[in-house]
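Enquirer: Have a look; sequence and predicted model below, questions after that.
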Amino acid sequence: MAKIVIIGGGWAGCAAAITAKKAGGDVHLYERTDMLLGLGNVGGIMRNNGRYTAAEECGLLGAGELIQITDGCSRHKDLEFPGHKHASLYDVTIIEPRVRKLLKDMGIKVYLQHRVTDIEKEGGKITTIKVHPDQVIEGDVFIEATGSTGPMGNCLKYGNGCAMCVLRCPSFGPRVSITQKAGVEDILGKRASGSYGAFSGSCKLNKESLSEEIVKELNEKGLYIIPIPKEEISHEKLDMKVCQQYALDAYAENLILLDTGHAKLMAPFYPLDKLRKFPGLENAKYEDPYAGGIGNSIRYLSTAPRNNAMKVDQLENLLCAGEKAGFFVGHTEAIVTGSLAGHNSIRLYMGMPLLELPRSLASGDLIACAKNAMQEEEGLKKRFTFAGSDYFKRMVELGLYTTDTEVLKNKIERLKLLKIYDDKLI
């Protein structure tokens with residue numbers, strides 16, 4: 001049986017584990033912290049704009065398990081907020097145990113608090129990974145889904161210092177780039193200014209620290225908006241964000257809160273003394289990052305060159321997914337890329353042609369667009385998400401955006417890809 005070793009247990013790594021297992025692999029997932037999902041534990045937004053299309057594509061291709069879990073954990077569905085329609089907000093406080101149970105029930109071996117620090121290879125083939133402090137793990141095919149956030153030095157150099165985010169580098173050790181260890185040069189994303197990286201786009205406030213009025217409206221409607229005084233508005237702050245789908249004037253001119261179990265503040269950071277001047281926020285406390293008054297985590301500093309089947313260039317048996325595979329924004333994007341990488345890990349082991357999703361699907365087009373962008377200087381400043389900004393405009397223009405599942409099913413059937421991730425290849 002093919003031994004598939006996945007490094008990184010975020011949404012991308014979990015998605016890869018599921019499709020690799022379904023295709024017949026002996027799947028081993030290594031995560032350096034004590035929880036799966038990584039940034040998914042403080043995210044929560046699904047199905048907004050083109051993510052609805054991509055979520056339905058995932059299910060029709062046979063990778064709907066994680067989408068079903070997020071749907072089942074949603075506190076609010078069919079929500080509209082500035083620039084976004086038909087969003088779902090899953091509860092970040094209950095999501096991780098459900099994903100962990102799914103992987104366990106599927107027979108996927110999960111190793112928490114196992115930080116991968118190095119690799120060994122022969123020629124262009126990885127033979128083993130090294131797990132801190134002294135474990136050596138063999139594998140047939142490897143998938144890197146380590147993300148692009150951390151180590152602490154990156155947040156110090158390109159941000160405002162360690163913001164004590166959910167990834168907890170001081171506690172569990174820094175992220176290590178497997179591609180870099182294997183001799184493949186990582187690609188670094190840039191901001192509009194030309195500086196490297198980008199701030200995570202939101203903070204989470206402890207809901208119990210907010211006024212009863214705000215909590216009531218969040219619980220009932222999922223959304224609360226507070227206008228910012230004119231003298232405090234800063235449009236420049238929008239350029240800092242990873243999440244360019246939220247880089248709209250409304251997010252500079254208002255505090256926008258979403259209910260994801262915590263109160264999700266749609267800003268990369270906001271000084272606490274100024275935040276507490278708003279009515280109802282007098283006792284506000286940051287839940288993530290803990291230093292959300294001064295900064296946030298820095299991302300897009302470790303992306304791998306790869307093809308549209310998610311295989312890393314120059315290496316025979318390494319695939320990648322999530323932010324490791326491009327300047328992607330969001331959980332749906334991680335699930336899409338992870339699902340493809342996991343399925344292709346078995347194809348790679350079997351010597352079969354690797355699957356590339358056609359560009360007539362939003363999922364395939366996003367993957368191809370992100371790859372092309374990484375090869376151009378200006379492309380290093382672009383972000384790719386089904387939810388908004390330039391890529392969602394492209395979806396609409398090309399007719400890739402739809403909420404009609406029957407239309408998508410007919411298209412995927414014509415492409416002979418219906419439930420392809422359910423195929424057991426071994």
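Expert: Here it is on my side, so go on. Numbering: from 1, shown residues only.
Enquirer: Could I get the full set of helices for the protein?
Expert: Secondary structure of the chain (DSSP state H): helices at 11-22, 50-61, 65-72, 95-105, 152-158, 169-172, 178-181, 212-221, 249-253, 272-275, 331-350, 362-374, 389-398, 405-414.
Enquirer: The longest one: how far from the chain's middle?
Expert: Centre-to-centre, helix 331-350 and its host chain are 14 Å apart (C-alpha atoms, centre = their mean, to the nearest Å).
Enquirer: Please apply the same query to the third one.
Expert: Using C-alpha atoms, centre = their mean, the mean C-alpha position of helix 65-72 is found 15 Å from that of the whole chain.
Enquirer: Please point out which parts of it sit buried.
Expert: Neighbour counts using 16 or more other C-beta atoms under 10 Å place 65, 66, 67, 69, 70, 71 of helix 65-72 among the buried residues. In this view, the C-beta of every residue, glycine as well, is placed from N, C-alpha and C.
Enquirer: Quick check: closest non-adjacent residue to the second one.
Expert: Spelled out, it's residue 66. Nearest residue to residue 66, sequence neighbours excluded (C-beta to C-beta, 6 or more residues apart in numbering): residue 335, at 5.3 Å.
Enquirer: Now do the same contact list for the nearest residue to residue 69 once chain neighbours are set aside.
Expert: Nearest-residue entry for residue 69: residue 98, 5.3 Å, with adjacent residues in sequence omitted and distances by C-beta to C-beta, 6+ apart. Applying C-beta atoms under 8 Å, 6 or more residues apart in numbering to residue 98 gives the contacts 69, 72, 73.
Enquirer: Output those residues as CSV; include the columns distance to residue 314 and pLDDT.
Expert: Formatted as CSV, the contacts of residue 98 follow (distance: C-beta to C-beta, whole Å; pLDDT from 0 to 100):
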residue, distance to residue 314, pLDDT
69, 35, 98
72, 41, 98
73, 39, 98
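Enquirer: Let's have the residues you listed in JSON lines, adding distance to residue 328.
Expert: Below are those laid out as JSON lines (distance: C-beta to C-beta, whole Å):
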{"residue": "69", "distance to residue 328": "20"}
{"residue": "72", "distance to residue 328": "24"}
{"residue": "73", "distance to residue 328": "22"}
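Enquirer: Relative to residue 178, which of these is nearest.
Expert: For the contacts of residue 98, the minimum distance to residue 178 (C-beta to C-beta) is 26.9 Å, reached by residue 69.
Enquirer: Where among the helices of the chain is average confidence lowest?
Expert: Among the helices of the chain, helix 249-253 carries the lowest mean pLDDT, a mean of 87.
Enquirer: one step back: thought residue 63 was touching the residue nearest to residue 66, still the case?
Expert: Yes - between residue 335 and residue 63 a contact is recorded at 7.0 Å, counting by C-beta atoms under 8 Å.
Enquirer: Looking only at neighbour counts, state which of these two leads.
Expert: Under the neighbour definition other C-beta atoms under 10 Å, residue 335 and residue 63 were set side by side, and residue 335 has more, 33 against 27.
Enquirer: Please tell me how far the more buried one sits from residue 77.
Expert: Counting by C-beta to C-beta, to the nearest Å, the gap from residue 335 to residue 77 is 18 Å.
Enquirer: what's the answer for residue 102, then?
Expert: As judged by C-beta to C-beta, residue 102 and residue 77 stand 21 Å apart.
Enquirer: what's near enough to touch the residue lying closest to residue 146 once chain neighbours are set aside?
Expert: Once flanking residues are discounted, residue 146 sits nearest to residue 8: 4.1 Å by C-beta to C-beta, 6+ apart. By C-beta under 8 Å, 6+ apart, residue 8 lies in contact with 30, 31, 38, 144, 145, 146, 147, 322, 324.
Enquirer: same thing with residue 331?
Expert: Listed by C-beta under 8 Å, 6+ apart, the contact set of residue 331 reads 11, 40, 43, 45, 46, 70.
Enquirer: right, and out of the residues you listed, which lies closest to residue 216?
Expert: Within the contacts of residue 331, proximity to residue 216 (C-beta to C-beta) peaks at residue 45, which comes in at 21.2 Å.
Enquirer: Neighbours of the closest one, how many?
Expert: 26.
Enquirer: Dump the contacts of residue 8 to TSV, plus distance to residue 364.
Expert: Converted to TSV, the contacts of residue 8 look like this (distance: C-beta to C-beta, whole Å):
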residue	distance to residue 364
30	28
31	28
38	25
144	21
145	19
146	24
147	22
322	17
324	19
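Enquirer: export these to a markdown table and tack on neighbour count?
Expert: Output for the contacts of residue 8, formatted as a markdown table (neighbours: other C-beta atoms under 10 Å):
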| residue | neighbour count |
| --- | --- |
| 30 | 23 |
| 31 | 26 |
| 38 | 31 |
| 144 | 36 |
| 145 | 32 |
| 146 | 31 |
| 147 | 26 |
| 322 | 32 |
| 324 | 34 |
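Enquirer: So which of these is the closest to residue 135?
Expert: Nearest to residue 135 among the contacts of residue 8 is residue 30, at 9.6 Å by C-beta to C-beta.
Enquirer: any idea how far residue 95 is from the closest one?
Expert: Residue 30 sits 20 Å away from residue 95, taking C-beta to C-beta as the criterion.
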